[in-house]
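J.: model the following, please.
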Amino acid sequence: MRILLVDDETEIREQLGRVLCEQRYMVDMAGDGEEALDRIFDQPYDLIILDIMLPKRDGLAVLKEIRRAKIGTPVLMLTARGKIADKISGLDQGADDYLAKPFSVAELLARMRALLRRGSEHAAPILKARDIQLNTITREVIARTGAIQLTPKEFSILEFLLYNKNRAVSRFSLAEHVWGEDFDPFTMSNYIDVHVKNLRRKIGDIDGSVIHTIRGVGYIVSEEDR
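T.: Next up is the predicted model:
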């Protein structure tokens with residue numbers, strides 16, 4: 001599960017980030033509303049933890065923008081305010097839950113688990129492109145030759161590309177998604193190429209017609225020939 005944590009207080013952001021990583025979540029962080037929107041529109045998240053009081057663009061403006069873009073990712077709002085009006089405003093804008101500061105980590109994790117369960121119940125588990133089908137729940141992948149076995153890294157790459165079908169994905173975004181903070185662009189620069197090559201071979205995409213290389217950018221999965 002990939003989480004976006006948005007809070008302008010560095011200490012809180014780093015503390016919560018460590019806790020979530022210890023819970024085996026993949027965590028990206030942003031310190032202001034504009035950075036949050038850049039990340040949200042760059043890649044999909046399973047949950048967004050969004051503080052209301054943010055510089056540049058506040059949390060309610062961020063929430064309004066992503067809901068206008070038809071992004072249905074569950075959003076848990078955080079705020080230091082205790083006003084009922086803020087809660088009502090957030091829920092009216094499309095927030096899924098609301099947690100006032102200060103809060104216990106245990107309560108935050110419980111709210112997160114509830115939202116993630118709710119999101120998985122409504123999300124379509126099957127991602128498709130051409131002859132490829134990927135089940136996000138059973139983790140089964142079917143190509144034109146039948147069911148195939150992928151390594152966890154290969155599965156993550158294919159899943160991320162299918163989530164972003166018809167959208168170019170940069171090599172760095174793909175690497176960051178699969179390896180997280182462990183990715184070192186200086187020593188691991190060829191990792192993505194090697195894994196994509198193996199993935200193409202397994203799904204029968206030797207000519208790169210399914211996972212298309214965009215020179216100087218990254219990759220794209222498209223339903224149309226390129």
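J.: mind listing what residue 50 touches?
T.: 4, 6, 36, 59, 62, 63, 75, 76, 77, 78, 95 (Cβ atoms under 8 Å, 6 or more residues apart in numbering). For every residue, glycine as well, the C-beta is placed using N, CA and C.
J.: walk me through the domains of this protein.
T.: Using automatic domain parsing, the domain parsing of the chain gives 2-122, 126-221.
J.: let's have those in TSV, adding mean pLDDT.
T.: Shown next, in TSV, are these (pLDDT from 0 to 100):
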stretch	mean pLDDT
domain 2-122	85
domain 126-221	85
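J.: looking at the contacts of residue 50, which is nearest residue 103?
T.: Proximity of the contacts of residue 50 to residue 103 (Cβ to Cβ) peaks at residue 78, which lies at 7.7 Å.
J.: does that closest one belong to a helix or a strand, and which?
T.: strand 75-79 (DSSP states H and E).
J.: the longest helix seen in the chain vs strand 75-79, what angle?
T.: What stands out as the longest helix in the chain, according to DSSP state H, is helix 105-122. Inter-element angle recorded for helix 105-122 and strand 75-79: 160 degrees (by axes from the mean of the first three to the mean of the last three Cα atoms, to 10 degrees).
J.: which one of the contacts of residue 50 is nearest residue 171?
T.: residue 4 (20.6 Å).
J.: hang on, residue 138 in a helix?
T.: No - in this structure, residue 138 is coil, not part of a helix, as judged by DSSP: H, G, I helix; E, B strand; the rest coil.
J.: how many residues are close by it?
T.: Using other Cβ atoms under 10 Å, residue 138 has 9 neighbouring residues.
J.: and it, how far is that from residue 30?
T.: Remark: distance between residue 138 and residue 30 (Cβ to Cβ, to the nearest Å) = 32 Å.
J.: which residues does residue 161 contact?
T.: Listed by Cβ under 8 Å, 6+ apart, the contact set of residue 161 reads 169, 174, 211, 219, 220, 221.
J.: using TSV, lay out those residues together with neighbour count and distance to residue 44.
T.: Shown next, in TSV, are these (neighbours: other Cβ atoms under 10 Å; distance: Cβ to Cβ, whole Å):
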residue	neighbour count	distance to residue 44
169	23	11
174	22	13
211	22	18
219	21	16
220	18	15
221	23	14
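J.: ok, so of those residues, who is nearest residue 12?
T.: residue 174 (29.3 Å).
J.: using the three-state scheme, assign the closest one.
T.: Quick answer, by three-state DSSP: residue 174 is helix.
J.: surely it touches residue 221?
T.: No - Residue 174 is beyond contact range of residue 221, at 11.4 Å (criterion: Cβ atoms under 8 Å).
J.: backbone phi and psi for residue 190, please?
T.: Torsion angles at residue 190 (phi, psi; degrees, to the nearest 10) stand at phi -100, psi 0.
J.: where's the closest residue to residue 33 other than its chain neighbours relative to residue 16, distance?
T.: Distance criterion Cβ to Cβ, 6 or more residues apart in numbering; nearest residue to residue 33, sequence neighbours excluded, is residue 57 at 2.9 Å. Per Cβ to Cβ, residue 57 is found 20 Å from residue 16.
J.: more neighbours, the two?
T.: Set residue 57 next to residue 16 and count neighbours by other Cβ under 10 Å: residue 16 wins out with 20 against 16.
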